[in-house]
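Asks: Let me see the structure of the following:
(one chain, ligands or ions: 1)
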Amino acid sequence: MAITMEELRAQFYEHLQQAHAQEAFEELRVRYLGKKGEVTGLLKNMGAIAPDKRKEYGQMVNALKDEVESSIKKRIEEAHQRELEMRIAATERYDLTLPSGLSEGSYHPITLVQREVEQIFASMGFTIEDYDEIVDDYHCFEALNIPKHHPARDMQDTYYLSNGQLLKTHTSAAQNAIMRKYGAPLRAIFPGRCFRNESTDACHENTFFQMEGIMIDENISISNLIYFMKTMLSEVFQRDVKVRLRPGFFPFVEPGFELDISCAICGGKGCPSCKNSGWLELCPCGMIHPNVLKAGGIDTDKYTGFAFGLGLTRLAMMKYGIKDIRDLNSGNLKSLDQFVK
Ligand code: PHE
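Replies: Alright, predicted model coming up:
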């Protein structure tokens, strides 16, 4: 007795279940869909079908053909996918002896900018200092004329450690130690990583780099500060950079300023990187407050000084046209690799 359509369907799925390799799928295709295939064979039963049901029967056979065809195709794709996953899993096992695939190592863009700025200041007689990332309250705040409960502490969302120490919120935290180390006159820069408990967006990160600079000598004034800043910026950007100075409040400088540069990403037109203002706060600065000099053991009758806190991360973004600050901490070699030097 001829096999029914339902029986054939069931039989096909049973065979499909058992097939795993490419050849087995091919065999199935020939067995069911070939010229002499079993589905095609169903049409031979046509004579036994009542004439008014033949059209419907023919359509059902064709539907079964399509079903068989697409089921085989689906299984082939699944088998491919499985094979691919197995291959990936095999290569993802770490083998430290394998070559990395990167032909040449690269410096991080922040390192590149940091080194460049260091060279510029070194050529102007500044020493380069390093300082801890974990500091105490005295160095980060008190020595900088920010006593306990001063509202200015709220400006810096600090990460406190359980032992009472904290992650440096700004490179100014090193000012006191460096004044005590060298005394006056003094020219020093000190780059460092800073941390603030901030929510992140295209221009804010909880981890970023600053470069602090201080210059203490007789007769230091704001014009010295502006001169050094402009010299440094025109060296970094290799052209005259548009800057503006606005009053800014920081307890450790008096007077204090915000030095902004025109946004290099949008050319000053306004974009997400500069919060649509066309300007970017790059370097808060000012004349060092006498209380800070005193805390550092400097004779305030004889000496004055300036301090600045250059945003190294922002400078790197401007210099290299990096639109999103988060790319810099991403560890994504594809984007960081472009800075091979
Ligand atoms: N330390 C300040 C900050 O990060 C910046 C600053 C440094 C301001 C030096 C003035 C002088 O917010």
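Asks: Where does residue 216 sit: helix, strand or coil?
Replies: Under DSSP: H, G, I helix; E, B strand; the rest coil, residue 216 falls in the strand class.
Asks: again with residue 184
Replies: coil.
Asks: Likewise for the one 3 residues further on?
Replies: Each residue gets one of three states, and residue 187 gets strand by three-state DSSP.
Asks: how many other residues sit next to the nearest residue to it once chain neighbours are set aside?
Replies: Spatial nearest neighbour of residue 187, chain neighbours left out: residue 126 (4.4 Å); criterion: C-beta to C-beta, 6 or more residues apart in numbering. Backbone N, C-alpha and C define where each C-beta goes, glycine included. The local packing of residue 126 (other C-beta atoms under 10 Å) involves 19 other residues.
Asks: how close does residue 126 get to residue 214?
Replies: Counting by C-beta to C-beta, to the nearest Å, the gap between residue 126 and residue 214 amounts to 9 Å.
Asks: Got the confidence number for the residue nearest to residue 187?
Replies: Listed pLDDT for residue 126 reads 96.
Asks: so it touches residue 213, yeah?
Replies: Yes - when contacts are counted by C-beta atoms under 8 Å, residue 126 is listed as touching residue 213 (6.7 Å).
Asks: picking that back up, what do residue 126 and residue 214 both touch?
Replies: 187, 188 (C-beta atoms under 8 Å, 6 or more residues apart in numbering).
Asks: Please identify which residue in the stretch 201-341 of the chain comes closest to the ligand.
Replies: residue 309 (2.7 Å; C-beta to the nearest ligand atom).
Asks: my bad, the stretch 51-200 of the chain
Replies: Closest point on the stretch 51-200 of the chain to the ligand, by C-beta to the nearest ligand atom, is residue 170, at 3.4 Å.
Asks: quick one: contacts for that residue?
Replies: Going by C-beta under 8 Å, 6+ apart, residue 170 touches 140, 156, 194, 210, 212, 309.
Asks: Show me where the stretch 1-150 of the chain has its strands.
Replies: 127-128, 134-135 (DSSP state E, counting those that start in this stretch).
Asks: Pull up the pairing partners for the last one, direction included.
Replies: Using DSSP bridges, the strands paired with strand 134-135 in its sheet are strand 166-167 (antiparallel).
Asks: Cheers, nothing more for now.
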